[in-house]
Structures are given as structure tokens and as C-alpha cells.
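Student: Here is my input, please return the structure:
(4 chains)
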Protein chains: 4
Amino acid sequence: MTQTTEPLGIAVVGAGYWGPNLVRNFQASEQFRLRWLCDLDVDRAQRVLGGYSTVQATADYAAVLADPSVDAVAVATPAGTHLDIALAALRAGKHVLVEKPLAATYADGVRLVNEAEERGLTLMCDHTYCYTPAVGRIRELVRSGELGEIHFVDSVRINLGLVQKDIDVMWDLAPHDLSILDFILPDNVEPVAVAAHGADPIGAGQACVAYLTLQLNTGAIAHVHVNWLSPTKVRTTMVGGAKRTLIWDDLNPAQRVAIFDRGVDLSAPQEIGADERRDMLVSYRSGDMVAPAIGEKEALRSMVDEFGDSIRQRRAPLTDGRAGLRVLDILEAASRSLEFKGAVVGLRAGR
Amino acid sequence: MTQTTEPLGIAVVGAGYWGPNLVRNFQASEQFRLRWLCDLDVDRAQRVLGGYSTVQATADYAAVLADPSVDAVAVATPAGTHLDIALAALRAGKHVLVEKPLAATYADGVRLVNEAEERGLTLMCDHTYCYTPAVGRIRELVRSGELGEIHFVDSVRINLGLVQKDIDVMWDLAPHDLSILDFILPDNVEPVAVAAHGADPIGAGQACVAYLTLQLNTGAIAHVHVNWLSPTKVRTTMVGGAKRTLIWDDLNPAQRVAIFDRGVDLSAPQEIGADERRDMLVSYRSGDMVAPAIGEKEALRSMVDEFGDSIRQRRAPLTDGRAGLRVLDILEAASRSLEFKGAVVGLRAGR
Amino acid sequence: MTQTTEPLGIAVVGAGYWGPNLVRNFQASEQFRLRWLCDLDVDRAQRVLGGYSTVQATADYAAVLADPSVDAVAVATPAGTHLDIALAALRAGKHVLVEKPLAATYADGVRLVNEAEERGLTLMCDHTYCYTPAVGRIRELVRSGELGEIHFVDSVRINLGLVQKDIDVMWDLAPHDLSILDFILPDNVEPVAVAAHGADPIGAGQACVAYLTLQLNTGAIAHVHVNWLSPTKVRTTMVGGAKRTLIWDDLNPAQRVAIFDRGVDLSAPQEIGADERRDMLVSYRSGDMVAPAIGEKEALRSMVDEFGDSIRQRRAPLTDGRAGLRVLDILEAASRSLEFKGAVVGLRAGR
Amino acid sequence: MTQTTEPLGIAVVGAGYWGPNLVRNFQASEQFRLRWLCDLDVDRAQRVLGGYSTVQATADYAAVLADPSVDAVAVATPAGTHLDIALAALRAGKHVLVEKPLAATYADGVRLVNEAEERGLTLMCDHTYCYTPAVGRIRELVRSGELGEIHFVDSVRINLGLVQKDIDVMWDLAPHDLSILDFILPDNVEPVAVAAHGADPIGAGQACVAYLTLQLNTGAIAHVHVNWLSPTKVRTTMVGGAKRTLIWDDLNPAQRVAIFDRGVDLSAPQEIGADERRDMLVSYRSGDMVAPAIGEKEALRSMVDEFGDSIRQRRAPLTDGRAGLRVLDILEAASRSLEFKGAVVGLRAGR
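Tutor: Below is the predicted model:
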């Protein structure tokens, strides 16, 4: 698929939780040549590389940026550091991949997007889930109209999670659901307002349980449940459409996506009055369920490929900086709603 | 358990969806003698009784109330008719069992509760789920403190449901979740406010998808998801506690209740500062799960027994009229919230 | 479907485990008028009928047979009594429905079949599972060729079962699987030999765990696992075909039948040698799974309908006495195999 | 746990399906220093190592054996080559780890065991599953007596599998189940005979579906179902004991092991006659289920650790050559049974 003349030199910054996954996938891709793994803690970087690697570990980010063999930088550090690290890379002329969320604030995100656009560089947000085969298929099903108009989206992402010091459960987990929502919805459908409810029953200092309700411009509703205190892991998204409804269960490898030809139909012939209408014309479909065969390609591998392709083809990646901004917009609005006990907060317009 | 000298005469009113279940269970109980099945459509009543029954079908409710062998009346008619039918029965000196919700409005419910209390008659609300062995066990676990302080409750009750003409999905399904919540919580824990979000994407004229968020007086959160448009049936409630968390899956007969010794613990020794605290003292339990053996007695059978016992013992039933009122209070507040786009609405005080 | 002029008079014999289900279903059918429930223990019969029934309980089987309003008799007594009770009924000119297994021995079964055929009376075996909507659909899928040639059938029917005094787990549970197998296979496919392995690890006096392996005339294999000692209940049958494979999970109401377009294909072009063939021409299909919408009609209700229809239409019922004989043939052969430590035992020819 | 002075030099032979997993795990272990990856196809070996490795790829096995820095050899080649490769390694004074099955025949396996014992070298069989945390726990539960005397073992290992050219499904998959059985059973319990039934419905040239029934010296029964044609993947083992029964579901990470306090109890007081006994004294336990918390350490990592520990401590590894021999014994007997249409074949005595 990707005709590579010469691999792109890449450096990964951050050898913490996510960095090792990037290291592994960039090494496996023929599009890239991994030059550096950079971390303030160079020993940690070395441990991630292991005892058999020819890749260089370093704590000297300036040296990485100065290396002309480095074409692109992948940033896997805490969100608060994204602005500085990514901005420096862009200013050094490097393409940039950033972990979600794009930045700590919407305003920071805007700075990154502007910088990249001015310089003609690729800025990509690693919305990993968008690159799973399942979400790819869901996007097709939604955008091709096979599900019909979208009626509701219900997403649950809960497990016994690492309670974080600096961010609440919403900023930790909901970016996944929000980036998926952003990815699958047709271009003319978008969230316009959000309300968030949360609780910190263990006294952690921030919400450990949160519920987000998004109002879409079509009258549809989207809802996200994120929770660090659940004893079991659930990762399920239901996408209800006028024609079909699908359930994505990311933890069921034997049947990740199930498409149900079931639903409620409401038809309204002209000749009868409004009152009788509701009574008489509700009908129910309870047809078959189809679980399509879906490949098992690792999402990060596809994400890395998309990063390479978008650089070479000088086009915006599927999950570009603007997609990252849209997610930040919702997160910030949701935080404001949380602060104001669930008040509905409007979103910035436009995809 | 129930020493019966002579059975109580009972009449069932309403031969629609739920009535036949009451007919079957009153017939199976030695505490009761079923005298009448009453429905405006006497043919329907006769069909419910079948071709081999000695029970009388009738459309004449006055005759039922005039029958001195009738000690109690069970009302399984639409909510809008509960007030009249139940009030007439109480005024005729009959004990009354009413389907959920107790009445169409809180005000109506108050009239029923007052009438029954003034006359010293039993008024019971058929919160059926409270009589399942699973919910009984959950109530024990919560109220005995085995779960520790309750942190969150998350309830999902969705399926491809009968879209109703007069009530929305919240009034149709959430009474189950709210009555269960009311039943299991310790006496000193109660909801103080509710916010509700809903959508009617199919144009049914009322919400077909709804999310309720309840704030408890302890800072805990409860959440209910009800949905008529889901292609699959889910009936799951998670009750998160400081010590343990349980999951009740009503559709998994092999493992309805699972109790997890998993959670996040936060301890705060005196000697260290507030800042360091959060960092250092979060710990995680990931212990065993226990699925207790739970009997399979039919809930309606236990409900009928409780009705008989409470009449004979001249005591309030477990789900008395006041429990029905508390549920109505939340439903009305949630409707107001829905009307005001999710605004938080306070509840009347007191259990 | 069933044009009834006048209902058939029916008597149920046996008020034990299964009898009450027959009583309920015959009462619900417009084709039948239930006249008697007969049991040696007349109090038990009365308890089954309950306190509101107009049906007569009796211990006097002769009186039942002498009643000219009784057209048919349904026998739900222990297998050892089937011969006498069913024979008496046939000789009294009554049509007969018998619980599985048809009789205690193949020889006894033959006597019943002959008696019914000589008298032109309907003899039906209550192979209940054959009347579930799921098995009906499976039969269609197999016999229409949609699955392709059948390669293997694997059936598991295990749970913590009532250890019986007189029969082993094979005679208790395997009749279900064997009658289903008999029902779904095309007319030209049949078992030709059986081997059985069992164990009685708790010292119950007969096998509590058993495995049956059936060799089919086509080279396919069928296998049945029955077990009284399993802590969980499993009722799963896999039917593997050349084109598709289906899994029936009777305990999963949301997805009882799943049809997989997955399998191994082996094609052998003429031009290449035998050695290379296997190497080169194995290919794998891993297509979609479809879970067809299947109704939820109670099997016993359909069984009762079939009994009535076959009597009125003077035709053999779907599960006639001969089907019962074929099941008995396999059970007897399997018992012999068990006795001889798993030796393969041939079956009588012919469907 | 493992006090390492200097890492052991290791060479992996075979860069096919399993070799890469060994490469990864030996690299991650501090006990070992990976020196070589050897494969007849040196390009394949190089591809497995990837473009960033300092490990040497080679096709020259003699050079590997001649390298004094190589203390041990791990053999991940087809079974037919195990004898030659392992024997050469042992003769060169290297410790040897061999993929399952130990060798192509029992006789070959004996030669390896003898060679290793004569030379005082470690010979270990990579029965990987024995090193999963789940199987480790099961072994404890069985051998500590917590389950009581073992009554039955039922193992299912089926999926759409790679149809092999040289070995049937039994030799491909059953070694897993047989090595686990060997690992978990108490020392005084052992299989004494086996019967096998199989089918090759697709004309692959060898059995694609097989059922093994093992008779244990205690009267208990063990059964293994292996199948290459199943559209879904199942890996479940049930271990039934006199006190408790456990189910291991390897594909359910949230609940791999479930221990049920359910079963049938049979007690026989002296004073009553044999006939009444069975009637009266069967009782049923249906107690709780416990799913113990079990860690998620990678099995291969533990296996590699055990290989290192056993070499350093000069002791037999948990799954030594003799364990490999016992598995081969059963496989050969099962093949003979298959050949003779399911005849029961006795096993060599002794663990």
C-alpha cells in the first residue's frame, strides 16, 4: 500500500506508559526508521529499548531536534508538556504525532494547529481507537448510511483504573469515546452542547465517575460513561440508527461488532389525524443480527502507517490536529459543566 | 412462615399485560383465595382465566367491591386509573395492592397513602423487582455494611421496548430502578436531586432514550439508563462500595450477583502533607470475586406473600405506599428536569 | 392453521415432573379439551390441577380409558411403565403421546409401534426439543443444504442433575440429543455405529458422566457429552457443514442460533499430484456470522399442536413412534458399548 | 527469586511460528543472554530479529553448538527434527529446551531423556500452558485436596485451525491438554488407558476432529475434544472433584478460573440396606462460586524463568523430559486407538 523509497527518520519522546508501544510499532513499520528514544530519565528509555537494540536512548531533546536524519517526532509525554515539546519540534521543521489529548487546553491546541499549518507540516493526533479495524468498519457503516440516520450513541468505558493525580476520569478516558464519535459521525452531524455529571466518592481530589451527555445538531443524543472504580472492564459502544443498530464490544474478540436489523419504525400516512398516528403506526423490526468478519490488525500499526502516508502524500491525516481540537472543545465544555453541577454548555461551532 | 387460618379473598382488577401474572400467583398462594378477575372487557378477563377455571370474570367493579368475601384488591390497570380504582377499594374497606407506579402523580399518590393510613388499611406498591432473591440479597449486602459506604450505583435497563402512547421511557422503565434503589439503600442515605437527559429521535412524541443522574445526600452518585430502542436487552446494576462492589445481571441466571473484592483505597496518615497524600496513598485491591448461591423463587410469589403477611400482621409492607411516593417524587422531578434540558431538580426531603 | 370443529378429548397420565407441563399446554390449546389428570397418587394430581380447576383428577386409569369423550392419552410416567399404559390406551382405541424415551427397551417400543399401526392410531413420541423454533430452523438449514454436507455434530448437555435411581445419565439426557440428531439429519444420512464411555465417580450405581460417539454412514462423526456432575448448565450443539457451521446455544435467548460462514476448504484440481495437493489447496473462509431472528413459541405448545394435527389429518407426526425407536436403538447400543468398555456397537439399519 | 551472577548464553533454533516468542522472552529475561537465532532460512531468522537487533542470525547450527558462550539451546522446529537437533545439542554439552511434543515418537523421546540424564544436563519440555498463572493455581487446588478426589476432567480445545500436513489434530492440539492433565494431577493419580475417536470429513488426509477418553487409575474419567473445524474458539477445562468443581476458561480474562461449591454428595450410613441407600442419601450442594484473583504474568516468561532456575539449581524442571515422555505415551496410544476405530489401548505404567 505504502510505496516507500526511503524510510522517514522518527524519534519517540517519552518512555512511559505509551512510548514503548510507539517504539515497537515504528520499528515494525517499513515506512519509518526509528532514530531516538528520548526521555528525561535516560535509564528508563534504555530499559524500554532493552539489551539488544541499536536504537539510541537520550535525555537531550535538543540533540534529537538538531539531528537532520529525524523527519518526525512522536510525543508520548504527559498532556501538560505537549505544547512545548510539539511546538519545538514543529519549529525545528519536524512533522509531529501527539498522544491524546492534543494539548492541555483548547488554546494550546490551537497554537499547535496554527504552527503546523503555517509551516506546512503534518500534525497528527494519536486517536488510536480510530485505527482499530472495528471502528473503521463502524465509520463506513455510519457514513455510508447503512445504519440510517443516527439516533443515539451510548458508550461505556469503565474499569478499575489508575487514579491519576492531575486529571480526572473524564480527561483520562473520555477522549477515546469522543475521538471515536468525531471519527464515525457523518460530516453534517456534530455535537452542539454537553452536560457532565461526576462524583469523587473516594476523595481522590477529582471525579472518578463521570457521565457526559452530548446533544447533537440532529436531535440525537450521545452519552459517555467513564469510571475508574468499576471492578470489571467494559468497553462497549452502541450506535443506534433509523435502519439498524450496532454494538461494538471491544473486549469480545469473537464478535466485536454486531449489527442488528432491529428497531422501532414510525410511519405517518397523510390521511389520518395526528392523534391516531402514534397509536397505529409504530411497528417493530426484529430481524437478524450480523457479526461481520473483521480483521485483527493492530491499531497502532495502522496509525503509524497513516502518519507515514499523510506525511508522504502531504495531506491531512485522518485524525489531524483539528480532530484533536474538536475533542478538546468538548472536554473543556464538559469540565465547565461538571463545575456547574451539570449545566448544559454549548460547543464551538463547526467541524 | 405464614400461619394461615383462612385465606384472604382477593380480586384482581385489570386483565391486560400484568394482570395474568397476579392471577397465577394469587391462585398459587395458600394465603389467598382468588374471587374475581375484573376488567372492563369481560371477554378478555374470561380468556385470561381460560376454559377450566372456577374463578368469576366480571366487568362490574362495584359488584366486586360489594362482595364481602373480598378482603383485598390488586390493581393492574393503567397508571392514570390507579387513583380512582384504589380509592374506591380503600373506601370499601379493602386492602390494596397497586402496580407501579403508585399513581399518575405524586399528589394522587399522597391521597392514596392518606386514605389508607386513615382507614388502617394496607396499601402496597408492587415493586416486583424488590422481591427477587437477587435484590433481597443486595439489600442485605448494602444495609449490613458488607459493601462499605455506597459510592455509586449504575443501572442499565434497555431493550427493544413497546413504545407507549401516554408515558415516556422514563416513566415506563425507571420505576424499576428507582424502587430498587429506594429498597436497597440504608435508611440514612437518600437521593436529594435529579437531572435527566432524554431524546426522542424517532418522533414518538416522548423520550425513548433517557439518562437520570441522582445526587445522594452522601456525595455518592446514582445513574439510570433506560432505552426503548436498544436491539439487545440489558438489565444490569452495579453498586459500588468502599469495601466491595457488586454487579447484578438479571439476565444471567447462572451468576446473577457477583461481588468483587476490588477497588481503589485512599488512606491518609496524619504525618504527611495534603499534596503528597494523593500521590502516595492510593492503593488497589484486586481480590477474588464471589457469586453467591441465590435461590430462584419467583418474585411475584414473594410479593404476594408479603402482601398477605403485612395484612395479617397489620404492619407496613416492605414496599408500602410511602415507597411508591418516593419513587413518584423522583419521576416527577426527572420529568421537570427533562423539560428544562437537564437542569438539576431538588427532591422532597425525607424517607 | 388447525381448523378445529370440535376439540379432541385428552387425558394426561402422570402428575410428576413433566405432567404439569402437558396439563398446562393441553389446556391452552384449542384443539384439545382436557378431561382427566390421572395419577396413582390422586392427591398429587389434585395439587397439580390446583384449587380453581374444573378438570377431574383420578387414580382410576380404567375409568379414563372407558370414557368415550377421551380421544387421546398423553403418558408422562416413568419409562418402565410406558409399555403397559400406552398399550392399554391403544387397545382402548385412543391415540397416544408418550414421553421420551418411547419405552424401556427397543423390543417394547416395537410392540407399541406395531399395535398403533395395526389399529390405525397415532403414536407420537414427545421429543420436545424438536419443536423448539431453534431446532426447527436448524432442521431447515441442514436439510435444505444451506450448511452443505454435514461434517460433524457435537452436543453438550450438562448440569448439576438429579441423579436417578433407575437410569444412568445417558438414558436420562442423551435422548434429547439423539432425537434432535434424528430430526435434523437429511433422510439419507444416519448413524451406523456407536461407542460410549462413562464413569460413576461418586458411586451412584450408574454412569453420571458419559460420552457417546456416533459414526454416520457418510463418514461424519457425532458426539454427545452428558453429565450430571457439572456445576454449570451447558446446552450447546455445533453442527459443522461443508459450507457453514452453526452453533445452537439453548441457554442464550438473545442469540440461540449462530451461523458461521467459516471453515476449511479443500479443493483438488486434477493436474497436480496427490502429495502437493494437501499442501496447496487448503483454504480458509472466515466470513460473517449471522444470528437469525427466531421466534419464541413454547416447544410444548407446538408439540401439542402437532399431536392434534397428526390425529386429525391421519398422518404420522413429525416425531412418530419410529423416531422413538431409532433413538431407543442407539441408546441400547450405547449401553452395550458402555458395558464393554467403549467397544463400537453397530446399529440396526434404516430410518 | 532468581539470583543471577552471570546470564546463561542461549540460542534459539527455529524462526517459524513459535521461535519469535522464545526470542522475545529470552531477551526479556535477565537470566539469559540471547546469542543466536538459528534457522535454515537465515533471512527468516533476520526478519524475526528485525532491523534494530544486535543478536546474530545464522543458518549454521554447527557454529552455534561450537560457540562456548552458548550454555543452552531452545528448539522450536517441527517435531520430526527434535531428535537430531536436541541430541546434537546435548552431545555438545548444552542444556536443552524443546517445544511440545518432546519428539516425534516415544522411542525418540526416551533417547533424549537418557542422553540428558547420562550427561547431567537439563532437558525441559516447553509445556507452555503449565506456566500460565491459571494452571498453576489449578495444580495447587487439585494437589492440595481443595477440590477433593478428582472425579472427571473435561477439556475442549477447538477453533478454526491450521490444517497440518504431517500431523493430525490430536498431535497438534491434544499435547496441551495432556500436558496440563499430567501437570495438575496428584502424584498417585494417572491415566491407565485411552480410547480415541476421530474423523476427517474434509478429506485432509488425517483426523481434523478427535475425541480422547482417558481412564484414570482411580476410576475417574478424562476427556479431550480437539477440533480444527470449529468456527469459534473454545478453550475450556472442567475439573470435577468430590468437594468442588472448577472451570478454567482461558479465553475469559475477567474470570479465567471459577470454583464452584456445587456437587452431588452420596453418603451411606451403615444401618440401612443397600437398596434404600441410593434413594435416600443423594444430596446436592449448590453453594457459592469463587473466581480467585489470578495474576496475568506471561506463561512463556515463567517457563523461561523455570528453565534458567532448573539449570542453575541443577534440578529437574517442572516439565522435564519425563513429563514429555508421558504425554508422548498417551499420544501414541491414542493414535493406535484411532487406527483401531476406538479400541481401548493401555498405557505404560508409572509417572
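Student: gap between the helix ranked longest in chain A and the chain center?
Tutor: Longest helix of chain A, by residue count under DSSP state H: helix A:321-339. Distance of helix A:321-339 from its chain centroid, counting by Cα atoms, centre = their mean, to the nearest Å, is 13 Å.
Student: same check, this time on stretch A:218-235
Tutor: 15 Å.
Student: Export that stretch to CSV, keeping only CA atoms.
Tutor: Extracted C-alpha coordinates of stretch A:218-235, given in CSV (Å, rounded to 0.1, in the frame of the first residue of the first chain):
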residue,chain,number,x,y,z
THR,A,218,-29.8,16.5,14.6
GLY,A,219,-31.7,16.0,17.9
ALA,A,220,-29.8,12.8,18.5
ILE,A,221,-28.2,12.1,21.8
ALA,A,222,-24.7,10.7,22.7
HIS,A,223,-23.8,9.6,26.2
VAL,A,224,-20.4,8.5,27.6
HIS,A,225,-19.9,6.7,30.9
VAL,A,226,-16.4,6.7,32.2
ASN,A,227,-15.5,5.2,35.6
TRP,A,228,-12.2,4.3,37.4
LEU,A,229,-14.0,2.4,40.2
SER,A,230,-15.7,-0.4,38.3
PRO,A,231,-14.4,-3.8,39.3
THR,A,232,-14.9,-5.1,35.8
LYS,A,233,-13.7,-3.8,32.5
VAL,A,234,-16.4,-2.7,30.0
ARG,A,235,-15.8,-1.1,26.6
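Student: What residues does chain A have near chain D?
Tutor: Counting by Cβ under 8 Å from any Cβ of the partner chain, chain A comes close to chain D at A:27-28, A:33-34, A:50-55, A:232-233, A:254. C-beta here means a position set from N, CA and C on the backbone, and glycine is covered the same way.
Student: Can you narrow those down to the ones near chain B?
Tutor: Restricting the residues of chain A next to chain D to those adjacent to chain B (criterion: Cβ under 8 Å from any Cβ) gives residue A:232.
Student: so can I have CSV of the residues of chain A next to chain D showing secondary structure?
Tutor: Shown next, in CSV, are these (DSSP: H, G, I helix; E, B strand; the rest coil):
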residue, secondary structure
A:27, helix
A:28, helix
A:33, strand
A:34, strand
A:50, coil
A:51, coil
A:52, coil
A:53, strand
A:54, coil
A:55, coil
A:232, strand
A:233, strand
A:254, coil
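Student: Neighbour-wise, give me the winner out of the residues of chain A next to chain D.
Tutor: Most neighbours among the residues of chain A next to chain D, by other Cβ atoms under 10 Å in any protein chain shown: residue A:34, with 26 neighbours.
Student: Not counting sequence-adjacent ones, nearest residue to that residue?
Tutor: In this structure, residue A:34 finds its nearest non-sequential neighbour in residue A:26, 4.7 Å apart by Cβ to Cβ, 6 or more residues apart in numbering or on different chains.
Student: just checking, the one you found touches residue A:9?
Tutor: No - look at residue A:26 against residue A:9 with Cβ atoms under 8 Å: they stay out of range, at 10.2 Å.
Student: Which one of the two is surrounded by more residues?
Tutor: residue A:26 (29 against 18).
Student: shared neighbours, residue A:26 and residue A:9?
Tutor: Shared contacts of residue A:26 and residue A:9 (Cβ atoms under 8 Å, 6 or more residues apart in numbering or on different chains): residue A:32.
Student: picking up where we left off before, now do the residue nearest to residue A:34, the pLDDT please.
Tutor: In this prediction, residue A:26 carries a pLDDT score of 98.
Student: Next up, identify which helix or strand it is on.
Tutor: Using DSSP states H and E, residue A:26 maps to helix A:19-28.
Student: which helices and strands does that helix pack with?
Tutor: Helix A:19-28 sits against strand A:8-13, strand A:32-38, helix A:42-49, helix A:299-312, with contacts defined as 3 or more Cβ pairs under 8 Å, 6 or more residues apart in numbering or on different chains; DSSP states H and E.
Student: most neighbours per residue, which of these?
Tutor: Stretch with highest mean neighbour count among these: strand A:8-13 (a mean of 26; mean count of other Cβ atoms under 10 Å in any protein chain shown).
Student: could you say what helices and strands it packs with?
Tutor: Counting contacts by 3+ Cβ pairs under 8 Å, 6+ apart, strand A:8-13 packs against helix A:19-28, strand A:32-38, helix A:61-66, strand A:72-75, helix A:299-312.
Student: ok, the residue nearest to residue A:34 to chain C distance?
Tutor: In this view, residue A:26 and chain C are 29 Å apart by Cβ to the nearest Cβ, to the nearest Å.
Student: residues contacting that residue?
Tutor: Residues near residue A:26 by Cβ under 8 Å, 6+ apart: A:10, A:12, A:32, A:34, A:74, A:304.
Student: the strands in the stretch 51-200 of chain A, which residues?
Tutor: Using DSSP state E, counting those that start in this stretch, the strands of the stretch 51-200 of chain A run over A:56-58, A:72-75, A:95-99, A:123-126, A:150-160, A:191-199.
Student: Each with direction, which strands does the shortest one pair with?
Tutor: Sheet neighbours of strand A:56-58, with direction, are listed as strand A:32-38 (parallel) (DSSP bridges).
Student: With the second one instead?
Tutor: Strand A:72-75 has its sheet partners listed here by DSSP bridges as strand A:8-13 (parallel), strand A:95-99 (parallel).
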